[in-house]
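1. What follows is a predicted structure for the sequence shown.
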Amino acid sequence: MKTMGTFGEFTLISELRSSFVKAKGRLKVAIGDDAAVFEEKSGKSLLATTDMMVEGVHFTGSLSPFKVGQKAIASNVSDIAAMGGKPLYGLVSVGLRKNVPYKYAKELLNGIKKEALKYKVGIIGGDTVSSKVNTINIVLLGEVDGKKYALRSGAKEGDFIVVTGTLGRGAAMLLKNGIYIPKIPAAFAEEAVKAGFIHGMIDVSDGLSSELHHLAKESGLGAFIDIKATPVAPSTKKIALLKKKAVYDMALHGGEDYELLFTVAPKFLRRVLKLGKGKTRLTVLGVMRDKKCGVKYSDVDGELKVLPRKGYDHFA
């Protein structure tokens with residue numbers, strides 16, 4: 001019998017993409033990017049995204065419900081930021097076991113509230129149901145000015161590949177049975193896209209290697225990065241040593257970092273780096289190349305290798 005474990009998450013997404021609504025009319029971007037895009041008559045474009053968290057998959061029952069609520073908002077804000085948008089409104093749907101203490105539910109909602117306030121997101125509705133496992137799903141709406149949004153398909157040959165923040169913290173927290181609450185560089189992304197500096201962009205939720213492959217495929221290009229340039233958090237290095245894990249594997253393939261991976265033309269690089277000062281750390285990893293070059297990296301010894309497409313897959 002054919003199962004999801006055989007085909008994987010991205011095969012299903014590809015099937016959905018070919019089977020459902022295509023971009024037409026006011027709908028400019030449908031399935032396949034970090035958010036859908038609707039162009040409005042007002043001159044704005046509406047962004048829509050959704051993300052789900054399930055106990056036993058994304059978090060354990062022993063984790064702080066407050067932090068789970070925070071993470072639920074942050075992961076959605078990351079999708080809007082990856083388009084260069086401003087997050088606006090959220091719809092929160094929660095499924096809870098009947099025997100869950102009311103205090104747990106309150107703390108979950110308090111976490112949602114705190115993170116929503118941080119990113120100026122108004123919670124305007126949702127749904128609540130009883131469930132066999134605790135589940136939270138958020139629909140987040142955002143906006144951009146006119147057609148000033150970034151897409152995964154926007155990268156150009158010769159663009160520099162840049163990543164925000166540091167990598168590996170998400171994987172490190174999972175090894176500690178914890179949960180990482182990322183600080184989404186939403187303001188930087190919005191400003192950089194509005195200025196026209198960024199060509200292609202994607203959020204790093206499933207792992208940098210996986211997301212770089214997505215970016216290259218959607219843009220019809222190849223890519224090269226230097227593994228030694230990877231910005232690894234000091235705390236990640238310590239945990240990797242303690243748990244006897246390869247630190248670059250955690251940084252490149254671990255996922256759950258919710259940083260932004262984007263491309264920028266050489267002529268705009270200096271201005272982008274200047275824009276990032278005081279907002280987020282920016283690291284140049286490599287360059288976008290012709291498709292025939294594939295997606296490759298130089299290892300710690302300088303040897304050129306094919307970058308494996310490894311990352312989180314819900315059905316793997």
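-> Perfect, thanks for sending it. Numbering: from 1, shown residues only.
2. quick one, helices of the stretch 1-150 of the chain?
-> 4-7, 9-19, 65-81, 102-118 (DSSP state H, counting those that start in this stretch).
3. Next one, pLDDT for the residue most central in space within the chain please.
-> Nearest residue to the geometric centre of the chain (CA atoms, centre = their mean): residue 203, 3.0 Å. On pLDDT, residue 203 comes in at 97.
4. pLDDT weak spots in the stretch 1-150 of the chain?
-> 1-2, 4-24 (pLDDT under 70).
5. Using the record's assignment, carve the chain into domains.
-> Using automatic domain parsing, the domain parsing of the chain gives 23-145, 152-306.
6. so where is the stretch 201-316 of the chain shaky, pLDDT-wise?
-> For the stretch 201-316 of the chain, the ranges with pLDDT under 70 are 311-316.
7. about what we covered before: take the domains of the chain and lay them out in JSON lines including distance to residue 3.
-> Using the backbone N, CA and C atoms, a C-beta is placed for each residue, glycine as well. Output for the domains of the chain, formatted as JSON lines (distance: least, CB to CB, whole Å):
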{"stretch": "domain 23-145", "distance to residue 3": "17"}
{"stretch": "domain 152-306", "distance to residue 3": "20"}
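8. Residue 71 contacts residue 181, correct?
-> Yes - using CB atoms under 8 Å as the test, residue 71 is close enough to residue 181 to be in contact (5.8 Å).
9. the more surrounded of these two?
-> Ranked by neighbour count (other CB atoms under 10 Å), residue 71 and residue 181 place residue 71 first, with 26 against 21.
10. what sits against the more buried one?
-> Residues in contact with residue 71, defined by CB atoms under 8 Å, 6 or more residues apart in numbering, are 53, 58-59, 111, 179-181.
11. Sort out for me which of the residues you listed are in strands.
-> residue 53 (DSSP state E).
12. Now distance to residue 134 too, for the contacts of residue 71, in a markdown table please.
-> Shown next, in a markdown table, are those (distance: CB to CB, whole Å):
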| residue | distance to residue 134 |
| --- | --- |
| 53 | 9 |
| 58 | 10 |
| 59 | 8 |
| 111 | 13 |
| 179 | 13 |
| 180 | 19 |
| 181 | 18 |
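13. Check the gap between residue 287 and residue 203 for me.
-> 21 Å (CB to CB, to the nearest Å).
14. Also residue 50?
-> Residue 50 is 14 Å from residue 203, by CB to CB.
15. now do residue 235
-> 21 Å.
16. what comes up buried for stretch 209-224?
-> Neighbour counts over stretch 209-224 (16 or more other CB atoms under 10 Å) mark 209-219, 221-224 as buried.
17. between the residues you listed, which is nearest residue 98?
-> residue 210 (37.0 Å; CB to CB).
18. tell me the SS of that closest one?
-> The local conformation at residue 210, judged by DSSP: H, G, I helix; E, B strand; the rest coil, is helix.
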